[in-house]
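> quick one, fold the following:
(chains A and B)
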There are 2 protein chains.
Amino acid sequence: MLARSSAAVARDKLARRMPSVPVVLPQHRYAVHIEPNALDRLGGVIREVAPASSAALFADPAVRGTLLPRARASLESAGYEVIEHALPGGEASKTLDGVRALYEVLLSRRFERRSPIVALGGGVTGDMVGFAAATYLRGVPFVQCPTTLLAMVDSSVGGKVGVNVPQGKNLIGAFHQPAVVVADILALRTLPARELACGLAECIKHAVIRDPSLFAWTRANLRALLALDADALTELVARNVAIKAAVVSEDERETGVRAHLNFGHTFAHAIEAVVGYGEILHGEAVALGMLAATTLAISAGLCAPELRGELEAVVAAAGLPVRARLPDDARLLEAMALDKKVSRARIRFVLPTRLGEVQLRDDLEPRAVTAAWASIRL
Amino acid sequence: MLARSSAAVARDKLARRMPSVPVVLPQHRYAVHIEPNALDRLGGVIREVAPASSAALFADPAVRGTLLPRARASLESAGYEVIEHALPGGEASKTLDGVRALYEVLLSRRFERRSPIVALGGGVTGDMVGFAAATYLRGVPFVQCPTTLLAMVDSSVGGKVGVNVPQGKNLIGAFHQPAVVVADILALRTLPARELACGLAECIKHAVIRDPSLFAWTRANLRALLALDADALTELVARNVAIKAAVVSEDERETGVRAHLNFGHTFAHAIEAVVGYGEILHGEAVALGMLAATTLAISAGLCAPELRGELEAVVAAAGLPVRARLPDDARLLEAMALDKKVSRARIRFVLPTRLGEVQLRDDLEPRAVTAAWASIRL
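This is a model prediction of the structure:
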């Protein structure tokens, strides 16, 4: 085969222009493009994977100012008729009723099965729009354009989509892998400092579960990252997406190693449930959860006591909380018990054994869990 | 490996006792067990594929009398704690609100990720319960126990689940393959004659698209089938499930050959939308749709004119309608245009070329489509 298709040539050219991290799954493969100004290439990138006459662009209100018009212009210049719709925004809007509102937009425009749905915003936007894309006409092509650090390094990669119900977070959802992910590093320039810190929490998590060198790099580059240096942020996102992609490639449906990504999350979900979504941000809860889990690991004799201090130092330097006002233990344990990660009524924890390595454990003493909670209580 | 696990031995024993048709997909394989009294083995069959402490049993009200207690008893004797819930029943109940009611039952019982959800009933039950199973905790094991002929030969196999919205049927949904399917042939003994005929419509459809010998067999055995002969019904279900399984194996997500199963359905979905769900049953609409599609095929020069007469004779003998009161053409065309099978705004038809063979066509003259509608209008 000497002759190559023009589409293949165009794809190669695109790949040379824009650095990307591949996510390889048994039945699907997609790219995560990470670059300053990546949004300006959005339309062309999507046309490679989901050619169609229309595209739906669902955006968080936080990005209406500059990112939304740029994304729209790029889609239009690539030939898409754009169905634009602004989401209400906020974790409290990530509900079944929110998804239903998206269905109404799509149905009223007779949106077709091969047309792509683009989510422009943070994790809330990606989760809810992704669930609509997973279930409208039994699934249509889905494009993630994460605009927060948290969404870039975590929720936009891996295909988990869903909504909250009063009983808990993400309890209704699906696995629906994106067709492509486009992360514009410059979007982070307008991100509130508190949300940047939340993204750093998931980066620290990746480092603890998989990559001691990333832990050291993050600690060493924290000042540049907090100062929004584009090169440092690009490297941070690329390294973290590579970790997330590797874990998801090994275990798309979370039957095994993907559970490692839940380090800190058994505590975090309970914190969010009892403190209230919005009062505390997800990344903040994860930071607290990682500290509690590390305390638990130490009390179970799984890791050296020094790890807690190292972790707390980076967490604090990233601007994340190390303690919080929490309700009594009974309510916390109750909240943990409804978390999805519960298997056969036992609460399962992801616990560090050393930097870069974690273990799943479901045999922890209630006393040790209570002590772990106490270690992060104000 | 001389030693074999006791689970493997038990599975083989079970396979010898109960005839089954395998459904083989790239990432999943499951069995469709077809037998009189198959429900009595339900619990043991499920334990092979979804061992857990609890099982949810969601049932159509039509099966409350005898089938539900038998299914429950079998689950309990296999060690499951059973969470039983009766559905409202009827196509009009297959809505997002209906699914939400199922979520509430599952959430209130803290139903876990590995526990199976069993749908006992017809297609409406399987579709709606299946969608709940696909989306609760991002997907839990799902067991289909079809109790109508239509559900046994069609909707219970292949993983399509979903609900209706005011704009159309099954427009919200997912692909969620069952862990196992258990079809108790004796359930058909209590099925209303009109619903048995609806199942025969899908069987005739399978024969037309794939299997001339099944077409001849069905015509020859129609009397025994309508008299509810258990052997004839078992053979009918097994042969039709094998066809459905083969098509689904080739094309799980309906990107190609699976579209052949939509023979008659472009018309049928429009009929149901305009006549009203419940006024006309799905199988009746499919019977009419197959006749209209065959008229269309003849006018496009795709098949011999004799096929229309052969098909109409079998349809009529099965107790299915060959004409219906229909609204004007404008409304019918409008209803067809919203159907999911629309690709890039062209209406796509599955048209027979001869018995056992169909073609996809999206280039039909509006005049020919109007004439096809006229051929089934009372």
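> neighbours of the closest residue to residue A:39 other than its chain neighbours, just the number please.
Spatial nearest neighbour of residue A:39, chain neighbours left out: residue A:184 (4.2 Å); criterion: C-beta to C-beta, 6 or more residues apart in numbering or on different chains. No exception for glycine: its C-beta is placed from N, CA and C like everyone else's. Residues within reach of residue A:184, counting by other C-beta atoms under 10 Å in any protein chain shown, total 25.
> can you tell me which residues contact residue A:184?
Going by C-beta atoms under 8 Å, 6 or more residues apart in numbering or on different chains, residue A:184 touches A:35, A:36, A:37, A:38, A:39, A:67, A:145, A:147.
> which of these count as buried?
For the contacts of residue A:184, a burial check counting by 16 or more other C-beta atoms under 10 Å in any protein chain shown picks out A:35, A:36, A:38, A:39, A:67, A:145, A:147.
> now the most centrally placed residue in chain A: how far from residue A:198?
Among the residues of chain A, the one closest to the centroid is residue A:155, at 1.8 Å (C-alpha atoms, centre = their mean). As for residue A:155, its distance to residue A:198 is 11 Å (criterion: C-beta to C-beta, to the nearest Å).
> sec struct for residue A:228, please.
With DSSP: H, G, I helix; E, B strand; the rest coil as the basis, residue A:228 sits in coil.
> out of the contacts of residue A:184, who's nearest chain B?
Distance to chain B, by C-beta to the nearest C-beta, is smallest for residue A:145 among the contacts of residue A:184, at 22.2 Å.
> quick check: chain neighbours aside, which residue is closest to the closest one?
Nearest to residue A:145 is residue A:120, by C-beta to C-beta, 6+ apart, at 4.5 Å.
> tell me the contacts of that neighbour?
A:57, A:58, A:59, A:60, A:63, A:67, A:68, A:71, A:145, A:147.
> in helices only, show me these.
In helices, defined here by DSSP state H, the members of the contacts of residue A:120 are A:67, A:68, A:71.
> how about the contacts made by the second one?
Going by C-beta under 8 Å, 6+ apart, residue A:68 touches A:57, A:59, A:84, A:120.
> at 10 Å instead, please
A:39, A:57, A:59, A:60, A:61, A:62, A:84, A:86, A:120, A:121, A:145, A:147 (C-beta atoms under 10 Å, 6 or more residues apart in numbering or on different chains).
> quick check: residue A:261 touching residue A:247?
Yes. If you go by C-beta atoms under 10 Å, residue A:261 and residue A:247 touch, sitting 5.9 Å apart.
> shared neighbours, those two?
With C-beta under 10 Å, 6+ apart as the test, residue A:261 and residue A:247 both reach A:158, A:206, A:209, A:210, A:254.
> what is the nearest of those to chain B?
residue A:254 (8.1 Å).
> and the closest one, how far is that from residue A:161?
13 Å.
> then residue A:362?
Residue A:362 is 26 Å from residue A:161, by C-beta to C-beta.
> out of those two, which sits in the busier spot?
For residue A:362 and residue A:161, the more surrounded residue by other C-beta under 10 Å is residue A:161, and the numbers stand at 30 against 13.
> and the closest residue to that one other than its chain neighbours, how many residues sit next to it?
Distance criterion C-beta to C-beta, 6+ apart; nearest residue to residue A:161, sequence neighbours excluded, is residue A:130 at 3.1 Å. Counted by other C-beta under 10 Å, the residues lying close to residue A:130 total 31.
> wait, doesn't residue A:130 sit right on residue A:181?
No. Contact between residue A:130 and residue A:181 fails when scored by C-beta under 10 Å: they sit 11.1 Å apart.
> what sits in contact with each of the two?
A:119, A:142, A:143, A:144, A:156.
> the last one: neighbour count?
One way to gauge burial is a neighbour count; for residue A:156, by other C-beta under 10 Å, it gives 30.
> ok, now the fourth one?
The number of residues packed near residue A:144 is 31, by other C-beta under 10 Å.
> any idea how far it lies from chain B?
Distance check for residue A:144 against chain B: by C-beta to the nearest C-beta, to the nearest Å, it reads 17 Å.
> do the same with the second one
When C-beta to the nearest C-beta is the yardstick, residue A:142 and chain B sit 13 Å from each other.
> so who does the closest residue to that residue other than its chain neighbours touch?
Distances taken as C-beta to C-beta, 6+ apart place residue A:133 nearest to residue A:142, at 3.8 Å, with adjacent residues excluded. For residue A:133, the contacting residues are A:56, A:58, A:102, A:106, A:116-119, A:126, A:139-144, A:161, A:174, A:176, A:178-179, by C-beta under 10 Å, 6+ apart.
> phi, psi of residue A:158?
Main-chain torsions, residue A:158, degrees, to the nearest 10: phi 120, psi -20.
> let me fix that: residue A:257
phi -60, psi -20.
> and what of residue A:20?
With angles defined as degrees, to the nearest 10, residue A:20 sits at phi -150, psi 160.
> distance check, it against residue A:30.
For residue A:20, the distance to residue A:30 - C-beta to C-beta - is 9 Å.
> show me the common contact partners of those two, please.
A:180, A:181.
> residues from the stretch 1-150 of chain A in reach of chain B?
Residues of the stretch 1-150 of chain A lying close to chain B by C-beta under 10 Å from any C-beta of the partner chain are A:26-27, A:51-54, A:96-97, A:99-100, A:103-104, A:106-108, A:110, A:112-115, A:131-132, A:134-139.
> quick revisit: now, the contacts of residue A:184 that are in strands?
A:35, A:145 (DSSP state E).
> want to try CSV for the contacts of residue A:184, with distance to residue A:236 as columns?
Output for those, formatted as CSV (distance: C-beta to C-beta, whole Å):
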residue, distance to residue A:236
A:35, 13
A:36, 13
A:37, 17
A:38, 15
A:39, 19
A:67, 20
A:145, 18
A:147, 15
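> pass me the low-pLDDT residue ranges in the stretch 201-350 of chain A, would you?
In the predicted model of the stretch 201-350 of chain A, residues A:277, A:339-345 satisfy pLDDT under 70.
> again, 80 this time
The stretch 201-350 of chain A contains residues with pLDDT under 80 at A:254-255, A:276-278, A:338-345.
> please apply the same query to the stretch 1-150 of chain A.
A:1-19.
> does residue A:23 count as helix, strand or coil?
Classified using three-state DSSP, residue A:23 is strand.
> count the neighbours of the closest residue to it other than its chain neighbours for me.
Of all residues not flanking residue A:23 in the chain, residue A:245 sits nearest, at 4.3 Å (C-beta to C-beta, 6+ apart). Counted with other C-beta under 10 Å, the neighbours of residue A:245 add up to 21.
> other SSEs contacting whichever strand or helix holds residue A:245?
In the assignment (DSSP states H and E), residue A:245 maps to helix A:230-250. For helix A:230-250, the packing partners by 3 or more C-beta pairs under 10 Å, 6 or more residues apart in numbering or on different chains; DSSP states H and E come out as strand A:20-25, strand A:28-35, helix A:149-150, strand A:180-184, helix A:193-210, helix A:212-220, helix A:222-226.
> 8 Å - rerun?
strand A:20-25, strand A:28-35, helix A:149-150, helix A:193-210, helix A:212-220, helix A:222-226 (3 or more C-beta pairs under 8 Å, 6 or more residues apart in numbering or on different chains; DSSP states H and E).
> quick one: it to chain centroid distance?
11 Å (C-alpha atoms, centre = their mean, to the nearest Å).
> which element is encountered next along the chain beyond that helix?
helix A:265-275.
> got the angle between the following helix or strand past that following helix and helix A:193-210?
Following helix A:265-275 in sequence order, the next helix or strand is helix A:282-299 (DSSP H and E). Interaxial angle of helix A:282-299 relative to helix A:193-210 (axes from the mean of the first three to the mean of the last three C-alpha atoms, to 10 degrees): 30 degrees.
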